[in-house]
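[1] sequence-free structure coming up:
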């Protein structure tokens, strides 16, 4: 019965996740990028090494350049954009170079839904933009804290909890 309740709670939690995420992973010393676009674009707040999180609103169609600052040579980075699924929007990322050096990330967004409501495509899309340095090309830096907690829990279990339970079980079998 408890399993049934746990499954029901899990389904409710999953049902309430309504977000989309787009991302681009790149090396700080990449040269495979585009020149700055000729068409006009806005410039957003800079994304700074090793971690930046911005909360912004993008209006469709939008083209915003987010400059990249203080990137460590030879490091890999990920830029993520998370936005609500209730506002269907297509986002595209492009790395922009200037003078053979990585300069920024250009994010273009276009409303992708179909609606009878006039002007719905002009509704601002709330978005979270995150720049994060990757360790070993894949693992996020925040994972170290989780790994330390897991290792701590395993050590505590192996050296404290298991011997305590083992002693209790041996004492219970001797009494029988």
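    Perfect, thanks for sending it. Quick caveat: nothing in here was measured; it's all calculated off a predicted structure.
[2] and the chain, what are its domains?
    13-141, 142-176 (automatic domain parsing).
[3] Give the bridge partners for residue 107, please.
    Assessed by DSSP bridges, residue 107 has beta-bridge partners residue 64, residue 93.
[4] Spit out the contact partners of it.
    44, 58, 62-66, 81, 91-93, 129 (C-beta atoms under 8 Å, 6 or more residues apart in numbering). C-beta coordinates here come from the backbone N, C-alpha and C atoms, glycine included.
[5] Could I have the ChimeraX command that selects the buried members from the residues you listed?
    Burial among these is assessed by 16 or more other C-beta atoms under 10 Å; the matching ChimeraX selection reads:
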select :44,58,62,63,64,65,66,81,91,93,129
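[6] Quick check: the farthest pair among the contacts of residue 107?
    Pairwise distances across the contacts of residue 107 (C-beta to C-beta) peak at 15.3 Å, for the pair 44 and 92.
[7] could the contacts of residue 107 go into a markdown table alongside distance to residue 158?
    Formatted as a markdown table, those follow (distance: C-beta to C-beta, whole Å):
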| residue | distance to residue 158 |
| --- | --- |
| 44 | 49 |
| 58 | 50 |
| 62 | 53 |
| 63 | 55 |
| 64 | 51 |
| 65 | 52 |
| 66 | 46 |
| 81 | 42 |
| 91 | 46 |
| 92 | 49 |
| 93 | 45 |
| 129 | 42 |
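[8] secondary structure element for the residue nearest in space to the middle of the chain?
    For the chain, the residue sitting closest to the mean C-alpha position, by C-alpha atoms, centre = their mean, is residue 80 at 5.1 Å. Applying DSSP states H and E as the criterion places residue 80 in strand 76-84.
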